[in-house]
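**Student:** Predicted model and sequence below, questions to follow.
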Amino acid sequence: MTIEEIYQAFDQIGCLTFATIDGDYPETRIAHLFAWDEEGLYFRTMTVKPFYKQLKETGKISICGMSASPYVRIGEDGLPNFEPGYTIKATGDVKEISFVELQKKASKKPIFRLGVKDTIKYPDTVTFCIYRFKGDYYNYDYDCCSRDHKIIRRHFNFGNFPDRFKGLKINVDLCTKCGKCEEICQSINFKAVYQTKNSYAIDTGKCDVCGSCSKACPVNAIESYC
């Protein structure tokens, strides 16, 4: 995903959960992103808030949101029903942007003008840039209303943020090609497990990391990376 696509996915949601670190515990609050450029994603706060203090002390942020109905309905089968939608999250590093820098950006890109106007109205306002981060976009349609599989997942990384693989992989040296992993994955409509020439593999773009294939494998060939 491009930085513009990432911003638009967050912006469509609007209000997001912003998490910071306060000592030994996480702190959350609702805020929103207001701009993007090739340097990152931008949001605002005030210097008198704990939010500002925590950002300056750690330089770390994690944000997430959901574009869908927030209601969970229980069906006749006793299981939860979710309307199709998507979630998106990002974790990374932040830096404070001076008002002069913000004005320069606004002179080149209109989307930043909101930040300038808000800072003039509320002089204690400051802007932060999430300048490098990693994250995941998770589009779900659990009832397969618009496609034949439940999810589309995309991992993204901006600014070379330290990253590593998280999810499930099939160890081809242990796999006996019994096919039970593919069978269970197909039956619950994730359809992430597929057959290769010598073994089986998992399409991370469709995998929910539900663990069903791992439970079904008789030789523990499916490994979890957390």
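**Tutor:** Okay, I see it. Numbering: from 1, shown residues only.
**Student:** give me the beta-bridge partners of the residue nearest to the spatial centre of the chain?
**Tutor:** By C-alpha atoms, centre = their mean, the chain has its centre lying nearest to residue 89, at 2.3 Å. Beta bridges link residue 89 to residue 64, residue 136 when assigned by DSSP bridges.
**Student:** gap between it and residue 61?
**Tutor:** Distance, residue 89 to residue 61, by C-beta to C-beta, to the nearest Å: 11 Å. (Each C-beta comes from the backbone N, C-alpha and C, glycine too.)
**Student:** Likewise for residue 1?
**Tutor:** Going from residue 1 to residue 61 by C-beta to C-beta gives 18 Å.
**Student:** returning to what we had before: show me the contacts for the residue nearest to the centre of the chain.
**Tutor:** 62, 63, 64, 65, 135, 136 (C-beta atoms under 8 Å, 6 or more residues apart in numbering).
**Student:** nearest to residue 12, of the residues you listed?
**Tutor:** residue 65 (9.0 Å; C-beta to C-beta).
**Student:** what's the pLDDT at the closest one?
**Tutor:** Note for residue 65: predicted pLDDT of 98.
**Student:** List the contacts of it.
**Tutor:** Taking C-beta under 8 Å, 6+ apart as the test, what residue 65 contacts is 10, 13, 14, 15, 16, 17, 87, 88, 89.
**Student:** mind redoing it with 10 Å?
**Tutor:** Applying C-beta atoms under 10 Å, 6 or more residues apart in numbering to residue 65 gives the contacts 9-18, 30, 32-33, 86-90.
**Student:** how about the helices in the chain?
**Tutor:** Per DSSP state H, the chain carries helices over the ranges 3-13, 50-58, 99-108, 113-121, 180-187, 212-216.
**Student:** which stretch among those helices comes nearest residue 196?
**Tutor:** Taking those one by one with C-beta to C-beta, helix 180-187 is closest: 10.7 Å.
**Student:** List the buried residues of the closest one.
**Tutor:** Buried positions in helix 180-187, judged by neighbour count with 16 or more other C-beta atoms under 10 Å: 180, 181, 182, 184, 185.
**Student:** Go through the helices of the chain and name the closest to residue 143.
**Tutor:** Comparing the helices of the chain by C-beta to C-beta, helix 180-187 comes nearest, at 15.1 Å.
**Student:** Return the mean pLDDT over the closest one, rounded to an integer.
**Tutor:** Computed over helix 180-187, the average pLDDT equals 98.
**Student:** which strands and helices sit next to that helix?
**Tutor:** Helix 180-187 is packed against strand 193-195, strand 200-202, helix 212-216, with contacts defined by 3 or more C-beta pairs under 10 Å, 6 or more residues apart in numbering; DSSP states H and E.
**Student:** Need the residues that contact it.
**Tutor:** 149, 168, 170, 175, 179, 190-195, 200-203, 206-208, 210, 212-219, 221-222.
**Student:** Okay, domains of the chain per the record?
**Tutor:** Listed domain ranges for the chain are 3-158, 167-225 (source: automatic domain parsing).
**Student:** quick one on the thing from earlier: and the residue nearest to the centre of the chain, how far is that from residue 205?
**Tutor:** In this view, residue 89 and residue 205 are 16 Å apart by C-beta to C-beta.
**Student:** What is the burial count for residue 62?
**Tutor:** 18 (other C-beta atoms under 10 Å).
**Student:** and it, what does it touch?
**Tutor:** Contacts of residue 62 were listed using C-beta under 10 Å, 6+ apart, and they are 17-21, 26, 28, 89-92, 130, 133, 135.
**Student:** And the buried ones among those, selectable in PyMOL?
**Tutor:** Typed into PyMOL, the line below selects the buried ones among the contacts of residue 62, using 16+ other C-beta under 10 Å:
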select buried, resi 18+19+20+21+89+90+91+92+130+133+135
